[in-house]
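**Student:** turn this into a model:
(chains A, B, C and D)
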2 protein chains.
Amino acid sequence: MTSQAEPRTTWSVGELADELGVTTRTLRFYEAEGLITPARSGTARVYDHRDRARLRLILRGKRFGMSLAEIAEIVGMYDGAASSERKQLEILLDRLGEIAADLRARQQDLARTLAEVTEVATRCRDRLQQLP
Amino acid sequence: MTSQAEPRTTWSVGELADELGVTTRTLRFYEAEGLITPARSGTARVYDHRDRARLRLILRGKRFGMSLAEIAEIVGMYDGAASSERKQLEILLDRLGEIAADLRARQQDLARTLAEVTEVATRCRDRLQQLP
DNA sequence: TCGCGGGTTGACGTTAACGTCAAGGTCAGG
DNA sequence: CCTGACCTTGACGTTAACGTCAACCCGCGA
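**Tutor:** Numbering: from 1, shown residues only, chains lettered A, B, ... in the order given. Presented below is the predicted three-dimensional model:
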């Protein structure tokens, strides 16, 4: 018998909010800001895989310190890219280049910071050794 | 004659703000929040190298999306560590471990994102090739 | 001496990203 | 039929991190 754990295919606000670790208010807010447009079953929101993936993207952007406006611009371009209009694609490609450059800069920044932190930790341990 | 560009040793608010790419208001705000305590020449603020380094730390923290409160906690511990009290050092060491772990997690996140971005860019270029 | 380019302290305004009610619809279980 | 757990749309409150403005002082080059 198919005792298979049928993998989820749609979600309600509450379910998805729980899974993503945010509140339902947040999801509704994002919708009001035009970041997502889930389907409706009557009046209730119904999120599918695309919505879910998109939200993951949005939250990742947030972790990187982007504003919702910036995020909206980017995810909007992803959509526009599907239209496969030459001009659109070129713009997107340009923007992707900028983003990649920014990410690489962050990697440098992160690496430097991590080095500093571990160095401070080392000095800290040294001092502790000299105490007891 | 010593036409050496005497390296700066102190700064006024305006000078330091310019160098760091923030406004004087920001520096005053950080002081009000207890993040820095520059010396005074009469009533005017005078920043030295330590203040400058500290501000760089603060701004880096901001780039990583930390709140000023979190940053205050950390830089505060750096100060407390100078006291070389065993307990203080152990607490700091602990916290540094957490921070390092967080930074490494961010590195993973960043790497994944960068990979995705470059992949999208590649697909984008492919599509462009198939158009003309 | 005058005005200009700095500096100072309040005090109030602003923006983003939600939190927090209030007031109500819907549907399954007991 | 009623309760409880969800969902809905407003509308207003909140917090962080400054921006902005007013009113003031201070030194200095013309």
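
**Student:** going by C-alpha atoms from here, please, whenever you check contacts or count neighbours.
**Tutor:** Noted.

**Student:** name the residues of chain A found near DNA strand D, please.
**Tutor:** Residues of chain A lying close to DNA strand D by Cα under 7 Å from any atom of the strand are A:12-15, A:24, A:28, A:43-45.

**Student:** next up, the contacts around the closest residue to A:Ile99 other than its chain neighbours.
**Tutor:** Nearest residue to A:Ile99, sequence neighbours excluded (Cα to Cα, 6 or more residues apart in numbering or on different chains): B:Val117, at 7.9 Å. Contacts of B:Val117 were listed using Cα atoms under 8 Å, 6 or more residues apart in numbering or on different chains, and they are A:96, A:99-100.

**Student:** selecting buried members of the residues of chain A next to DNA strand D in ChimeraX, what would you type?
**Tutor:** If you want just the buried ones from those in ChimeraX, going by 16 or more other Cα atoms under 10 Å in any protein chain shown, the selection is:
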select /A:12,13,24,28,45
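
**Student:** next up, the contacts around the residue in chain A that DNA strand C sits nearest to.
**Tutor:** Ranked by Cα to the nearest atom of the strand, the top residue of chain A for proximity to DNA strand C is A:Ser67, at 3.3 Å. Listed by Cα under 8 Å, 6+ apart, the contact set of A:Ser67 reads A:Gly61.

**Student:** got the CA coordinates for stretch A:36-45 in CSV?
**Tutor:** Output of stretch A:36-45 as CSV, limited to C-alpha atoms (Å, rounded to 0.1, in the frame of the first residue of the first chain):
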residue,chain,number,x,y,z
ILE,A,36,4.5,37.0,-4.1
THR,A,37,1.1,36.4,-5.5
PRO,A,38,-0.2,33.0,-4.2
ALA,A,39,-3.3,31.5,-5.7
ARG,A,40,-6.6,31.6,-3.8
SER,A,41,-9.0,28.9,-2.8
GLY,A,42,-12.0,31.1,-2.3
THR,A,43,-10.5,33.8,-0.1
ALA,A,44,-7.7,31.8,1.4
ARG,A,45,-4.2,31.9,0.1
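
**Student:** how about the residues of chain A that lie near DNA strand C?
**Tutor:** Listed as neighbours of DNA strand C in chain A under the rule Cα under 7 Å from any atom of the strand: A:22-26, A:29, A:66-69.

**Student:** run through chain A and note the low-pLDDT ranges.
**Tutor:** Applying pLDDT under 70 to chain A flags the ranges A:1-6.

**Student:** nearest residue to the middle of it?
**Tutor:** The centre of chain A sits closest to A:Arg60, judged by Cα atoms, centre = their mean, with a distance of 2.1 Å.

**Student:** in what helix or strand does it lie?
**Tutor:** If you go by DSSP states H and E, A:Arg60 is part of helix A:49-63.

**Student:** name only those of the residues of chain A next to DNA strand C that count as buried.
**Tutor:** A:23-24, A:66, A:68.

**Student:** which parts of chain A sit against chain B?
**Tutor:** A:63-65, A:84, A:86, A:89, A:93, A:96-97, A:99-100, A:103-104, A:107, A:110, A:114, A:117-118, A:121, A:124-125, A:127-128, A:131 (Cα under 8 Å from any Cα of the partner chain).

**Student:** change it to 7 Å
**Tutor:** Residues of chain A lying close to chain B (Cα under 7 Å from any Cα of the partner chain) are A:64-65, A:86, A:89, A:93, A:96, A:100, A:103, A:107, A:110, A:114, A:117, A:121, A:124, A:128.

**Student:** ranges for the helices of chain A?
**Tutor:** Along chain A, the segments classed as helices by DSSP state H run A:13-20, A:24-32, A:49-63, A:68-82, A:86-129.
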